[in-house]
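J.: sequence first, then the predicted structure, then my questions.
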Amino acid sequence: MLVYLDNSATTQPSKAVVNAVASSMREGYYNPSALYAPALAAEQQMSACREAIAGKVNAKQVFFTSGGTEANNLAIFGMLKSLRGFGKVLFSAGEHPSVRETCKQTAKMGFTPEEIPLDQNGLVNLSALETMLDNQVRMICVMQVNNETGAVQPIEEVSKLRNKLCPDAMFHVDGVQGFLRIPMDMVGLQVDSYALSGHKIHAGKGVGALALGGRGRLTPIMFGGGQEKGFRSGTENTPGIAGLRAAIESFPARHEMRKLKLRLYERQKSDIDGLVVNGPPPESASAAPHILNVSFMSVRAETMLHALEGEGIFVGNGSACSSRKKQVSHVLSAMNCGVKQAESAIRFSLSPYTTQAEIDIASDACVRQYELLKNFVRR
Amino acid sequence: MRELLMVRYGEIYLKGQNRPLFMKLLMKRIREAVAQRDSKVWLSDGRMYVAGFTDMQETIARVTKVFGIHSVCPAVEMDKADFEAVCSQASRMMKDLNGSFKVTARRSDKNYFLDSPQINSRMGEYILNHNPNLTVDVKNPQHTMNVEIREFAYLYVEVIPGAGGMPVGSNGKAALLLSGGIDSPVAGYMIAKRGVELCAVHFYSFPYTGERSKEKVLQLARTLAISSCGMRVHIVPFTKIQMQIHEKCSPEYTTLIMRRFMMRLADRVAQQEGAQALITGESIGQVASQTMDALCCTDVVVSRPVFRPLIGFDKIDIIDYAVKIDTYETSCLPYEDCCTVFTPKHPITHPKLDKTQIAESVLDIEALIEEAMQGIEIIEL
């Protein structure tokens, strides 16, 4: 039996998604901009998805993109370009590279990117943020859920500070790891833009969206046929969007991810002496229901990952996007956890479809492999 | 008239009575290199020719990688009777060039109505009259139009250097200890270049290394296999041996004992493969297991000669070589080196053989070797 616990890297497309994508390719393949009737149906399919997203996060507008990375790029470059003058662009030290690197690029446009420090649990340090906020701040980027540690960021508090100290600054939230798993009310929280990705919620790869709140203003960063009201040119990925809609509509409203995550953690903790959590305490509200990041001290993450792989269990080490690079995770560094702890960090990420049986297989395997591997440490 | 490649061989030319054998082998290697490309390869007048290709650049790239070839010249073959037409073709081939040139004629058909000096001057004059951007310089020309009068007339300007060396298979077979690093692929290439057929031995330490690191090694082997005319890779399960060494032996000796196991296993694989020697990428003093004392301690466990072509190379020179043979980028992928668990903090640099033997005597060497040999996975490239 294969146990897949790397759902924050990507998810298996659900049956509903596969059917929706196939049906869109077979019957709904028309260019949604064309004038004949079947094209209109394709456009309506997109509108339904747009409404589904807007409904889930209480957004005013939704534009489809090729995924989370493009949505983050569009939000940051697109909103900054529509502003007059320059100033500071703040981003949390735990941001995904698609936000982090994009913010750093704004320096070339004349902005000043600055990093907001994290506390030891991987949460944005609000008192440090408060000292950074002034009328020079043009944009703040804080993710909803950290992709490595599962830390649920204090979006409401950040928004309040922004309203108090720099009300004109735009607030962008990368919701790729939070969408559908943690509630979001863009209008209520005065979030200006929100990025999401299909393949993290059992839709396919290559589709995502940028949602705008009440006052988000964009300038396009890609030019062409003027699709998506001119904000994202290029013929829309209709099969991907049909799949995204199916994923949203079929995403289980009730699930046991938090319970199962805690079960995984408790079972490991009781048998493994060298277990350290990276991120907020797993049972706390600031820990996401689906992500558990722990270090099996003295066993390198790569070794543990392969050992579990040998038992048919797939987990993540750090963020999958960066595991081709040989360096310690910037998120764990920002949390000041030592190099050894960072090098042993394994991320378990669940989906609403994860079962208790899978969690038990995984936790037993972790205990068994740790018992074996802990004897082979560098002397 | 047709386009073809004239292939010139290097060192084989110096061989005595074995020359026909080497020539035959080289022809075979060229045929393999251009296989399935509708190309014809033949030998005539002591020259090798390749014709019938659809993509000349691709064929040149493949042929120049064959060991034993000195150079390749893209040439035109045409009827020699109409000398005016030959001159006209030569002139067309030089129409885009400027600077100085000369014509060098060779005439193996001694009945041809012009001799070499006459060909040189008449063709030179023709070219000069048709391209005002050229001047004649017979001592240091920038371009040389080569004319060979054989059964046909052959014209060529460009000479593309080949890989050199000897055709693979002309000098036996050896087993290469292939890691994912920079050195071992270079060592394998250098020995293959001397005409040696290769097989590779890789030590696999799952879960300390994973599928990606294995794939990296296979990618390196595939790059080498282009020049070495295929290769069989033996993936030897090595984790149990490493764990036992780590558990039972004195830390400072673990690396050396591990190297001795690797050599023993490679020696066994060589035996099975009919290989007469081992190849490693070691260079004196590069790491603790590559000091003179350590090398002496590892050599004694094998029955075959160990070739270490990089023994006197600095790392920087090895890197240059790796870049040249297209293995450097793959070698630099990060999926390796996670065996640091098994690298002691202070490995012994001047080991004594008797102490090494005592240190490893706690292990059931034969049983471990036998078990590893049974678990070998063979991949044919």
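T.: On my side now, so go ahead.

J.: neighbours of the closest residue to chain B within the stretch 151-300 of chain A, how many?
T.: Closest approach between the stretch 151-300 of chain A and chain B, counting by C-beta to the nearest C-beta: residue A:300, at 6.1 Å. For glycine as for every other residue, the C-beta is placed from the backbone atoms N, C-alpha and C. Number of residues near residue A:300 (other C-beta atoms under 10 Å in any protein chain shown) recorded here: 23.

J.: that one contacts residue A:344, doesn't it?
T.: Yes. Using C-beta atoms under 8 Å, residue A:300 is in contact with residue A:344, at 6.2 Å.

J.: residues touching the one residue in the stretch 151-300 of chain B that gets nearest to chain A, list them.
T.: Residue of the stretch 151-300 of chain B nearest chain A, by C-beta to the nearest C-beta: residue B:207 (3.3 Å). Contacts for residue B:207 (C-beta atoms under 8 Å, 6 or more residues apart in numbering or on different chains) come out as A:303-307, A:309-310, A:369, A:373, B:239.

J.: farthest pair in the residues you listed?
T.: Pairwise distances across these (C-beta to C-beta) peak at 15.1 Å, for the pair A:305 and B:239.

J.: which one of these two has more residues nearby?
T.: More crowded of residue A:305 and residue B:239, by other C-beta under 10 Å: residue A:305, with 22 against 18.

J.: near the residue nearest to the more buried one when sequence neighbours are not counted, how many residues? Count them for me, please.
T.: Among residues not flanking residue A:305 along the chain, residue A:317 sits closest, at 5.0 Å (C-beta to C-beta, 6 or more residues apart in numbering or on different chains). Residue A:317 has 23 neighbouring residues, counting by other C-beta under 10 Å.

J.: kindly report the same for the one 10 residues further on.
T.: Around residue A:327 there are 10 other residues, counting by other C-beta under 10 Å.

J.: distance-wise, check it relative to chain B.
T.: Using C-beta to the nearest C-beta, to the nearest Å, residue A:327 is found at 9 Å from chain B.

J.: relative to residue A:293, how far out is that residue?
T.: According to C-beta to C-beta, to the nearest Å, residue A:327 and residue A:293 sit 17 Å apart.

J.: again with residue B:16
T.: Note on residue B:16: its distance to residue A:293, by C-beta to C-beta, is 70 Å.

J.: more neighbours, the two?
T.: Counted by other C-beta under 10 Å, residue B:16 and residue A:293 do not tie: residue A:293 has more neighbours, with 29 against 5.

J.: how about that one, nearest residue that isn't a chain neighbour?
T.: residue A:278 (4.2 Å).

J.: only the buried residues of stretch A:54-69, if you could.
T.: The neighbour-count check on stretch A:54-69 (16 or more other C-beta atoms under 10 Å in any protein chain shown) flags A:54, A:56-59, A:61-69 as buried.

J.: could you do stretch B:2-19 as well?
T.: For stretch B:2-19, burial by neighbour count (16+ other C-beta under 10 Å) applies to B:4-12.

J.: out of the residues you listed, which sit inside helices?
T.: If you go by DSSP state H, those have nothing in helices.

J.: for the strand or helix carrying residue B:119, name the packing helices and strands.
T.: Secondary-structure assignment from DSSP states H and E places residue B:119 in helix B:116-130. Judged by 3 or more C-beta pairs under 8 Å, 6 or more residues apart in numbering or on different chains; DSSP states H and E, helix B:116-130 is in contact with helix B:83-93, strand B:99-107, strand B:134-136, strand B:143-149.
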